[in-house]
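Asker: Any chance you can model this:
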Amino acid sequence: MSDLYAVVGNPVAHSKSPLIHAEFARQTGEAIEYTRIEAPLDGFAATIQAFRGAGGRGANVTIPFKEQAFTLAESLSPRARLAGAVNTLLFNDGRISGDNTDGAGLVRDIEQNLSVDVADKRVLVLGAGGAARGIIGALAERRPREIALANRDLDKAARVAAAHAAVVELRIFAYSQLRGAAYDIVINATASSIRNECPPLPDGIFARAALAYDLMYAAEATPFMLQASAQCATIRVADGLGMLVEQAAESFYLWRGKRPRTAPVIALLR
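Answerer: Purely as a prediction, here's the structure:
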């Protein structure tokens, strides 16, 4: 009999998670059934409890419920607590445990799939929302030379910096203050690409041979990726498809104790 897992969000029909986890299960020989569940905007907790009651063993959580999952979890991993958000729920021993695999997925994609070391690099994160909070801790663990955070609202950026003060000293900037700085890795953690827009970046922020990484994944280059390529001819660009697969692999490992191979799944989705 297969164990039940799901991705819970609203909307969720577009999610690639069922395909990803089906491939992981096939690779590892694990007997799981993984589905999509669209929770009402005012009914996340009830949806999780109903799924749990029906035999669910765990769930991935996507927009807009990651903060609600954080509140619902009865125990939290250190990385979930640091992020203030949960994207992976585990139902064990009658308890709901919460973790956040986004940062681990990002770092693994950058370092293993794209062969870019984060250590000793100057890293710039764009945006100060939940996506940024989910990745800063994992980036800090790789010991970059610097992590800077740019956002329109400096008060919001300052709150993110304060939340991470125990693990990293974040430098915060308004976008206009970035002029003249050159970063080795620039990560777009804003929602701009979803709106088909670009962050208001000044020229010159990309170092030679920099990596411009958009957390959003898409069939074509995102506006941020196009913007980066136009600013620097030697730049390397990437979208977030690899991160999507890698964070899913981390969730699978938490649930099943086996780490699947991600490269074939990334190639399949491409």
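Asker: could you measure the residue nearest the centre of the chain against Arg122, distance?
Answerer: Centroid-nearest residue in the chain, with C-alpha atoms, centre = their mean: Asp102, separated by 3.4 Å. For Asp102, the distance to Arg122 equals 22 Å [C-beta to C-beta, to the nearest Å]. Yep, even glycine has a C-beta here, placed from its N, CA and C like the rest.
Asker: for Gly43, same thing?
Answerer: Gly43 sits 44 Å away from Arg122 when distances are taken as C-beta to C-beta.
Asker: Just want to know which of those two has more residues nearby.
Answerer: Counted by other C-beta atoms under 10 Å, Gly43 and Arg122 do not tie: Arg122 has more neighbours, with 17 against 11.
Asker: contacting residues for the more buried one?
Answerer: By C-beta atoms under 8 Å, 6 or more residues apart in numbering, the residues touching Arg122 are Pro144, Arg145, Glu146, Ala148, Ala182, Tyr183, Asp184, Ile185, Ala207.
Asker: wait, doesn't the last one sit right on Ala181?
Answerer: Same thing as Ala207. No - using C-beta atoms under 8 Å, Ala207 makes no contact with Ala181, being 9.3 Å away.
Asker: nearest to Gln68, of the contacts of Arg122?
Answerer: Using C-beta to C-beta, Ala148 is the member of the contacts of Arg122 that lies nearest Gln68, at 29.8 Å.
Asker: Whichever strand or helix holds the closest one packs against which elements?
Answerer: Assigned by DSSP states H and E, Ala148 belongs to strand 146-150. Under the contact definition 3 or more C-beta pairs under 8 Å, 6 or more residues apart in numbering; DSSP states H and E, strand 146-150 sits against strand 122-126, helix 130-141, helix 154-163, strand 171-173.
Asker: contacts for the shortest one?
Answerer: Strand 171-173 has contacts (C-beta under 8 Å, 6+ apart) with Glu146, Ile147, Ala148, Leu149, Ala150, Asn151, Leu154, Ala157, Ala158, Val160, Ala161.
Asker: Reformat these as TSV; add neighbour count.
Answerer: What follows is the contacts of strand 171-173, written out as TSV (neighbours: other C-beta atoms under 10 Å):
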residue	neighbour count
Glu146	16
Ile147	25
Ala148	21
Leu149	24
Ala150	29
Asn151	23
Leu154	16
Ala157	23
Ala158	15
Val160	21
Ala161	19
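Asker: for this structure, which strand is longest?
Answerer: Scanning the chain for the longest strand, with DSSP state E as the assignment, gives strand 206-214.
Asker: circling back to that earlier point, for the helices and strands packed on strand 146-150, which one sits closest to Leu268?
Answerer: helix 130-141 (24.5 Å).
Asker: List the buried residues in stretch 53-63.
Answerer: Gly56, Arg57, Gly58, Ala59, Asn60, Val61, Thr62 (16 or more other C-beta atoms under 10 Å).
Asker: got TSV for those, with pLDDT and distance to Ala218 too?
Answerer: What follows is the buried residues of stretch 53-63, written out as TSV (pLDDT from 0 to 100; distance: C-beta to C-beta, whole Å):
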residue	pLDDT	distance to Ala218
Gly56	97	30
Arg57	97	31
Gly58	98	28
Ala59	98	25
Asn60	98	20
Val61	96	22
Thr62	93	16
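Asker: ok, which pair from these is furthest apart?
Answerer: Most distant of the buried residues of stretch 53-63, by C-beta to C-beta, are Arg57 and Thr62, 17.9 Å apart.
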